[in-house]
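Participant: Got a sequence here, can you model it:
(chains A and B)
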Amino acid sequence: MRRFLRLLPLTLLAVPALHAGRPVDSPSYDLYLDQVLFDESFFPVSALWGVMAAGLVFLMHLGFATLEAGLARSKHVVNVLYKNIFVICLGLAAYALCGFTTMFPGEFNGWFAFHGFAGVPTKDYFDLMTPRYDPFPWWVDFLFQAMIAAKAATIVSGAIGERQKLWPFLIYATLLTGLAYPIVGSWSWGKGWLFRQGFHDFAGASVVHVFGGFAALTCVLLLGSRIGKYDEAGKPRAIPGHSMPLATIGLFVLWFGWFGFNGGSLKSAHPELLGLVVTNTALGGAMGGLAAMLLTPLIFKKPDLTMAINGVLTGLVAVTGCADIILPHHAMIAGAIGGVIVVFAVLLLDRLRIDDPIGAIPVHAFGGLWGTLAPAIFAQANWKWQTLGALTYAFAAVIFTVIVYGLLKVTVGIRASAEAERTGLDISEHGQEAYAGDVVSAK
Amino acid sequence: MTASAKKSLLIGAAAFAVTAAAGFGLFLSASKPPAALTVRPGASPYYSDSITVAPGSALFFTWGVTPSPRAKAIARGETSDSKERYGDTYAQARALMTQLTEDLREAGLSLRDVVSVRANLVAEPELDMAGWNKAFGEFFGNATNPHKPVRTTIGISRLFHPDYLAEVEFVAVIPPGRGPFTAGSRFERLYDRLNRASTNDNVRSFGRPTWALSTGKAIKGGSALYFQSAMMPDPMMPAMATMPLARRMYKGDVPTQAEQIFKKNVAALKEAGLTPGDAFFSRNILYPDPKAGGRMDFAGFNTAYHAVYNNPENPNRLARTVMSAPGYVQQGQMLTIETYAVYPGDVSKKFIKEDGTAVPLLAFRSDPKATAASGVATSPNAALTFLSGIVAAERGDVKKEAAGAFATATERLAAAGATLDHVVQLRVYVVAGTNAVTAASDFESVYATTFKGDHRPALTILPVKALPLEAKVEVEILAATLP
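Facilitator: Sure thing, here's the model as predicted:
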């Protein structure tokens, strides 16, 4: 111990020496950054980060699956998991066939471009694998975007759970992921008309969350609420999910994956911005959770776990639109406001008798709206165009859903029979059960 | 359907209708150009006749962007040979304007803020106006962006790369609350953390620090601007400088002539009380050298540029446009250069005459016989009016078309509350084939009868390859008025 104390001054002396040993040998940060970003070794690092981010976003589908399964009753779990597996499989396939090139058409008229099968010609192949294409090479760009593409459909899948017929939803999800999402996505991420007007949506507060959230809202309106959600007087009854541990695992996996979702949206491993974006993401989620956890006991008398989960998720959605242009203190405020919004949004939906089993609409629709407006408040984005962008995505989702899901409703029907709903979709749709003994207990 | 489901559907439908109406109202208000712009639409479906920028507005000048390979189109398999890597005029113009949109976004601007668009299109074999109009219409004057900036289009010989077909520049206004001059904003933060060397307090440079040029220059609101006439190299004999165009002869290659021009450029800046550190934009027209098979000596030009700009003494990097147009190559002239600059600090006193009256502009013309001012400075309190490129309504010879174009220009100036005495910069493009000198002399005779007073603007007469509507003369004007 004494020896350690004697060495301490020496150790302290070494600290500035360590810093001095790593000088930035550029006259300005400007030149230093240029040196880093355009160095040959930066491109492979970015590509590597892109693949990792794609992996993280892929993991979010596990998060969605576990969250939705945990918040569903045990008799519907197989159905929930089946939908989740379908959505990611289909998302990847549809995005490869036409989604990617439709969403990122290069130069186009700003509102519609449709390109069919993605094929990479051997002749100019190497251009696409260099920084000339993007800080991400072509394959990485595709992979990352494809992982995100299925998310809008996943959001819908959660909100309409426990009562929808399986096949009509799968048809709807296919069209949503393969057609609607790439087209509306191109308006802002494909440098379309919203982008040209200065609309800022960094990682999809509108493109993914408002679009998915409002699609979910419309689906729920078309579908109606679950049997037994409202009593004779129309008062909502809580239908608790079957596994809170599963839901909590889902939350943590989603939060983890969000680092890749936001961090990967930078499309580079920019040393300064990558750290900032992930920091903002972490803090936004934390403050969203805290705000919801503080507010819930005040309103409901008891701290509610599902509210805490949705608070974190809304905090994450709240910083999604602007994580690249705000500083952490603003991310904390944005996240906290998100956490407050979700609590009141849940109450509002109950009041309006909109039955959303997992809270996808409060988190994604309301959180997404706030996440789109946040850049206007914290980062001088044009508030008119932020509002218009959010409205555009909400309208696009509503119109698309009314047409497609409405058409399915009047033709094949979208609602499972009351009998099937009572028995559980697992048995009625799949003839399978998630946990042994459900059939007996359901009867 | 249950009663409750019906009720929620009704609520949903009502909410949808109300927000749709509100959203449309918001769109109408949000898609208007900034309040600082007074837009005077004209007959063209694509561009406005003129736009006046309110005094004290900050401005943003972009570089002349040239195409990059169309990576995403290549990926879709739309290209098969090297020519198609860059696409046709339409594809290139679209790509350029997407790039410019991104450059604008970096300063917090959007397409609504664009005041003026200048396109230099390679007219080989001919000017592709249809392609350019189509691309332009996808960005401006359409349902999603109803704003129409002013526009000037000319047909040139070639650009840096033989497959480049278009080069586009924007001038935009920076609305209040945006751009790097708004204290505490994200745009200022973004800029300031770079800690970029600045040679003039009223200018902020954008773009990569290792490039020879800036991709954009933001000019602080209420700055005095300076526009220089196109500078010519030294003639073979000093006496030729005052002779009519047809009798002037030049010698030397691009580096020699560029060096001479830069020397004159610096002298003219000095005459106006400026230094090369205050310059922010230059338009460089290299004439195709017949001895080098029509090639443009870009490297030779760059050597001369680096002797004045982007060196340790003067780290200032200009927003640049480089192109090749026929010019006066028959006279042995190889290039010409126009420069814009901005005064550092507050120079509003310069624009108050001894008798106390304020003037919108100051023309520097030491030689009263010179046809043009060496440069014109605009008052910080002046409103700048940008006019679209004007061609005469009827086709004819150079003299007739020039007179027609001036008649229209006078009308449009009057609509903006200006006269020919308010013209800061006059840029004239003539199509003359091998008779560039005659055409320019013809124009000068019309010019002499049009500008009758003492005032002479900064002048550029540039023989080009082709003009829109098969015109022989196109006139482009920037004017300054006191409100």
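Participant: going forward, measure contacts and count neighbours with C-alpha atoms only.
Facilitator: Fine.
Participant: which stretches of the stretch 151-300 of chain B have low pLDDT?
Facilitator: For the stretch 151-300 of chain B, the stretches with pLDDT under 70 are B:195.
Participant: Around chain A, pick out the residues from it.
Facilitator: B:Gly177, B:Arg178, B:Ser185, B:Arg186, B:Arg193, B:Leu194, B:Asn195, B:Arg196, B:Arg208, B:Pro209, B:Thr210 (CA under 8 Å from any CA of the partner chain).
Participant: who's in contact with B:Gly327?
Facilitator: B:Tyr287, B:Gln333, B:Leu335, B:Ala436, B:Leu462, B:Pro463, B:Val464 (CA atoms under 8 Å, 6 or more residues apart in numbering or on different chains).
Participant: In terms of pLDDT, where does the residue of the stretch 1-150 of chain A at minimum distance from chain B sit?
Facilitator: Here the stretch 1-150 of chain A gets closest to chain B at one residue, A:Asp30, 4.6 Å apart by CA to the nearest CA. At A:Asp30, the pLDDT value in this model is 81.
Participant: residues touching it, list them.
Facilitator: With CA under 8 Å, 6+ apart, A:Asp30 has these contacts: B:Arg193, B:Leu194, B:Asn195, B:Arg196, B:Pro209.
Participant: Phi and psi next, for B:Leu384.
Facilitator: phi -90, psi 130 (degrees, to the nearest 10).
Participant: who's it bridged to?
Facilitator: B:Val53, B:Ala480 (DSSP bridges).
Participant: and it, how far is that from chain A?
Facilitator: 24 Å (CA to the nearest CA, to the nearest Å).
Participant: which ones are touching that residue?
Facilitator: Counted by CA under 8 Å, 6+ apart, B:Leu384 has contacts B:Thr52, B:Val53, B:Ala54, B:Pro55, B:Leu478, B:Ala479, B:Ala480, B:Thr481.
Participant: contacting residues around whichever residue of chain B sits closest to chain A?
Facilitator: In chain B, no residue comes nearer to chain A than B:Leu194, which is 4.6 Å away by CA to the nearest CA. Taking CA under 8 Å, 6+ apart as the criterion, B:Leu194 is in contact with A:Ser28, A:Tyr29, A:Asp30.
Participant: Assign it to helix, strand or coil.
Facilitator: coil (DSSP: H, G, I helix; E, B strand; the rest coil).
Participant: among the contacts of B:Leu194, which are in helices?
Facilitator: A:Tyr29, A:Asp30 (DSSP state H).
Participant: Those residues of the stretch 51-200 of chain A touching chain B, which are they?
Facilitator: Residues of the stretch 51-200 of chain A lying near chain B by CA under 8 Å from any CA: A:101, A:104-110, A:115, A:118-121, A:123-125, A:127-128, A:132-133, A:191, A:193, A:196-198.
Participant: show me where chain A has strands.
Facilitator: With DSSP state E as the criterion, chain A has no strands.
Participant: cool, and the stretch 251-400 of chain B?
Facilitator: B:279-286, B:319-324, B:335-342, B:361-364, B:375-378, B:383-387 (DSSP state E, counting those that start in this stretch).
Participant: Out of those strands, which one sits most buried?
Facilitator: Comparing these by mean neighbour count (mean count of other CA atoms under 10 Å in any protein chain shown), strand B:375-378 ranks first with a mean of 28.
Participant: Spell out which residues of the stretch 251-400 of chain A are next to chain B.
Facilitator: Residues of the stretch 251-400 of chain A lying near chain B (CA under 8 Å from any CA): A:325-326, A:352-354, A:379-381, A:384-385, A:388, A:391, A:395.
Participant: list the buried ones in stretch B:56-70?
Facilitator: Neighbour-count burial for stretch B:56-70, counted by 16 or more other CA atoms under 10 Å in any protein chain shown, picks out B:56-70.
Participant: what sits against A:Val402?
Facilitator: A:Thr218, A:Cys219, A:Leu222.
Participant: Model confidence at A:Lys302, what's the number?
Facilitator: 89.
Participant: Ok, A:Pro23 next?
Facilitator: At A:Pro23, pLDDT is 48.
Participant: The one 4 residues further on now?
Facilitator: The pLDDT attached to A:Pro27 in the predicted structure is 70.
Participant: mind listing what it touches?
Facilitator: By CA under 8 Å, 6+ apart, no residues touch A:Pro27.
Participant: List the buried residues for stretch B:466-475?
Facilitator: In stretch B:466-475, counting by 16+ other CA under 10 Å, buried: B:Ala466, B:Leu467, B:Pro468, B:Ala471, B:Lys472, B:Val473, B:Glu474, B:Val475.
Participant: For the residues of the stretch 151-300 of chain B next to chain A, name the two members farthest from one another.
Facilitator: Largest separation among these by CA to CA: B:Gly177 and B:Thr210, giving 29.0 Å.
Participant: So which of those two has more stuff around it?
Facilitator: Between B:Gly177 and B:Thr210, counted using other CA atoms under 10 Å in any protein chain shown, B:Gly177 has the larger neighbour count: 17 against 13.
Participant: pull the CA atoms of stretch A:207-221 into PDB?
Facilitator: Extracted C-alpha coordinates of stretch A:207-221, given in PDB (Å, rounded to 0.1, in the frame of the first residue of the first chain):
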ATOM      1  CA  VAL A 207     -40.400   6.500 -42.400                       C
ATOM      2  CA  VAL A 208     -40.600   3.500 -40.100                       C
ATOM      3  CA  HIS A 209     -42.400   4.500 -36.900                       C
ATOM      4  CA  VAL A 210     -45.100   7.000 -38.000                       C
ATOM      5  CA  PHE A 211     -45.800   4.900 -41.100                       C
ATOM      6  CA  GLY A 212     -45.900   1.600 -39.200                       C
ATOM      7  CA  GLY A 213     -47.800   3.100 -36.300                       C
ATOM      8  CA  PHE A 214     -50.600   4.600 -38.300                       C
ATOM      9  CA  ALA A 215     -50.900   1.500 -40.500                       C
ATOM     10  CA  ALA A 216     -51.400  -0.400 -37.200                       C
ATOM     11  CA  LEU A 217     -53.900   2.200 -36.000                       C
ATOM     12  CA  THR A 218     -55.900   1.800 -39.200                       C
ATOM     13  CA  CYS A 219     -55.700  -1.900 -39.100                       C
ATOM     14  CA  VAL A 220     -57.000  -1.900 -35.500                       C
ATOM     15  CA  LEU A 221     -59.900   0.400 -36.500                       C
END
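Participant: now the helices for the stretch 101-250 of chain B?
Facilitator: B:129-139, B:186-192 (DSSP state H, counting those that start in this stretch).
Participant: circling back to that earlier point, using ChimeraX, define a selection of the buried residues within the residues of the stretch 51-200 of chain A next to chain B.
Facilitator: Buried members of these can be picked out in ChimeraX with the line below, counting by 16+ other CA under 10 Å:
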select /A:101,104,105,106,107,108,109,110,118,124,127,128,133,191,193,196,197,198
